[in-house]
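*Asks:* Sequence plus predicted model, see below.
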Amino acid sequence: MGRPRFQPRRLLSCATVPFDTAEAAWLWYAHCQLARLAGCRPRPDLAEIARPCDPDDIHRAAMALFRQGTLSSGHLRVLAELGVLIAGSSATVSWTDGQDRLWHEALDRLDSCLRAKGIVA
């Protein structure tokens, strides 16, 4: 019998700490995406604070809300653009009132989904 093709991930052996807000979870995801683009392979258990999810879990939650029609393409665009700007720079970031409204709407809708998964406390 050959080696199985699917190997389940090893569960985190350390205690995890959920995010306080959906915004913190999204910015962590954006920071991990920037690290991936730089060539790193971030893992939730290698940080100072172990998180209860992978960065991809947050992305999948946002995509599920998009497929359900809860998030629009405008919401996703603002989450992507502003998330990368905020996570990637230490300078202040300014945006329009429309972007601010979409940012808060998207994070508000993402919050309930992430809370149900235990990602946000």
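*Replies:* Perfect, thanks for sending it.
*Asks:* gap between A87 and S72?
*Replies:* Separation of A87 from S72 (CB to CB, to the nearest Å): 22 Å. (Each C-beta comes from the backbone N, C-alpha and C, glycine too.)
*Asks:* One more: F19?
*Replies:* Summarising the geometry, the distance separating F19 from S72, computed by CB to CB, is 23 Å.
*Asks:* neighbour count winner among A87 and S72?
*Replies:* Under the criterion of other CB atoms under 10 Å, the comparison of A87 against S72 puts A87 first, with 18 against 15.
*Asks:* what sits against that one?
*Replies:* 27-28, 30-31, 33-34 (CB atoms under 8 Å, 6 or more residues apart in numbering).
*Asks:* let's see 6 Å
*Replies:* A87 is in contact with 27, 30-31, counting by CB atoms under 6 Å, 6 or more residues apart in numbering.
*Asks:* is it true that L34 touches G83?
*Replies:* No. Using CB atoms under 6 Å, L34 is not in contact with G83, being 9.4 Å away.
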